[in-house]
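Dropping a prediction and its sequence here:
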Amino acid sequence: MEEVAVTSATGAVQDSCSLDNYLSLPDHTMDERIAAARTILGTDVVLLGHHYQRDEVIRFADYTGDSYKLSKIASQTDSKYMIFCGVHFMAETADVLAKPWQQVILPDLNAGCSMADMAEIGQVENCWDSLDRAGITDDLVPLTYMNSAAAIKAFCGERGGLVCTSSNARGAFEWAFARGSKILFLPDQHLGRNTAFAMGIPLSEMVVWDPYQINGGLAPDRLRAAKVILWKGHCSVHQRFLPEHVDRIRRERPEMQVIVHPECRWEVCQKADALGSTERIIEVIEKAPEGSSFAVGTEIHLVNRMAKRFAPLGKEVITLDDAGCLCTTMYRISPQHLAWSLENLIAGNVVNRIKVDEDVKHWAKVALDRMLEVRA
């Protein structure tokens, strides 16, 4: 990228749009520059912020939400540039749903997702081949969680499946079972297990496919008997919550309601009072009466943000685990990365553009369009 001079909010001319020149500066020095850049760029830019982003970044978002809500917004916006303060698979999804003249920017390309990395397209194709040899693919519908690469979304779309989020996972399962008797769900085994169990499918009719074992570590008769084949993947944040964390809350704060994300372990979800996507968790606490208190099992930035928001309304929100856990990949996007992305646009440079290959984009869009039609 050619380096050019730009003017900051304070009127000082920056020597270069090089990222290194930004990363050496303190967080708070970015605020005026980000605000000024947003004013200059106007409606040419829409800034999407996932709930797990740090406060210093999400405060500048035009829209905040979980991946389902932000996907819907991405499909509806008319801005020339979408800056996605989230992770790589979210920016890919926005590009798939974008209009031909729109461009998607991810401020830090290192903002990935450990769960999405647990399912690689070659592994998924090998899995499908094995399932085909077992004679079960004719009645098998593949579903992928939003937390997956565009190539896997395309894989599911081409084979009659769709994408889901934690907001509409049950609707997606119902959609799939109307079209086949079995589901291959990837990459999050916990969301798949919790969703299927809530629909009355016993654990004995679910199996876990391990991509690092021959035939997933499963005998053919076990595969043929299963209604749900779960990929061996998980969210590094939500898997940290344990049943004993719920037990501690019950013992020390029995008046508290426990609400957890369905990416948590089945044993945790069974002990909780309620499950919900990030949007659902917020909604439950919003509608709760004054004096309510909640221990929440999800990413710590969202929990802390809700604690501040609802305290003046007489509601207490704490984390289910005192150790807390942030999403380290979400956390990578900093005010410096955001300012760098915006000021480069002013200088005529599009940095960190996320562009999905056209051959992948078609079937990924098919899968995502089906997702947007399924009720949340």
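All right, it came through fine.

Could I get the full set of helices for the stretch 151-300 of the chain?
Along the stretch 151-300 of the chain, counting by DSSP state H, counting those that start in this stretch, helices occupy 169-177, 189-198, 220-225, 243-252, 266-271, 278-287, 300-310.

List the buried residues in the fourth one.
In terms of neighbour count (16 or more other C-beta atoms under 10 Å), helix 243-252 has its buried residues at 243, 245-246, 249. From N, CA and C alone the C-beta is placed, and that goes for glycine too.

residues in contact with the residue lying closest to Leu313 once chain neighbours are set aside?
Leaving aside its chain neighbours, Leu313 sits nearest to Glu290 (6.4 Å; criterion: C-beta to C-beta, 6 or more residues apart in numbering). Applying C-beta atoms under 8 Å, 6 or more residues apart in numbering, we find Glu290 in contact with 313-315.

Please identify the deepest-packed of the helices of the stretch 151-300 of the chain.
The highest mean neighbour count among the helices of the stretch 151-300 of the chain, using mean count of other C-beta atoms under 10 Å, belongs to helix 189-198: a mean of 23.

what sits up against that one?
143, 145, 166, 169-170, 173, 183, 185-186, 203, 206, 208, 227-228, 230-235, 238-239, 262-266, 269, 275.

Now do that helix: distance to the chain's middle.
Computed by C-alpha atoms, centre = their mean, to the nearest Å, the separation of helix 189-198 from the middle of its chain amounts to 17 Å.

just stretch 101-119 next, same as before
10 Å.

quick one: average confidence on that stretch?
The average pLDDT within stretch 101-119 is 92.

Just the terminal-to-terminal distance for it.
Stretch 101-119 has an end-to-end distance of 31 Å (criterion: C-alpha to C-alpha, to the nearest Å).

Same question for stretch 106-117.
17 Å.

Now it: buried residues?
Residues 106-108, 111-117 are the ones in stretch 106-117 that count as buried (16+ other C-beta under 10 Å).

returning to what we had before: buried subset of the contacts of helix 189-198?
Using 16+ other C-beta under 10 Å as the burial test, the contacts of helix 189-198 include 143, 145, 166, 169-170, 173, 183, 185-186, 206, 208, 227-228, 230-235, 238-239, 262-266, 269, 275 as buried.

if you look at these, which of them are in strands?
The subset of those located in strands under the criterion DSSP state E comprises 143, 145, 183, 185-186, 206, 208, 228, 230-231, 275.

could you dump the residues you listed to CSV with pLDDT?
Listed next are those as CSV, based on pLDDT from 0 to 100:
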residue, pLDDT
Leu143, 98
Tyr145, 95
Ile183, 98
Phe185, 98
Leu186, 97
Met206, 98
Val208, 98
Val228, 98
Leu230, 98
Trp231, 98
Leu275, 94
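
Looking at those, spot the one nearest Ser75.
Of all these, Tyr145 has the smallest distance to Ser75: 18.2 Å, by C-beta to C-beta.

Chain neighbours aside, what residue packs nearest to that closest one?
Per C-beta to C-beta, 6+ apart, closest to Tyr145 is Asp188, 5.0 Å.

Now do the one you found against Ser130, distance only.
From Asp188 over to Ser130 the distance is 20 Å, taken as C-beta to C-beta, to the nearest Å.

Give me the more crowded residue out of the two.
Asp188 (31 against 18; other C-beta atoms under 10 Å).

What's the separation between that one and Pro142?
For Asp188, the distance to Pro142 - C-beta to C-beta - is 14 Å.

Now for the two: what residues contact both?
Joint contacts of Asp188 and Pro142 (C-beta under 8 Å, 6+ apart) do not exist.

which stretches of the stretch 51-200 of the chain form strands?
Ranges of strands within the stretch 51-200 of the chain are 63-65, 81-85, 103-105, 140-145, 162-164, 182-186, based on DSSP state E, counting those that start in this stretch.
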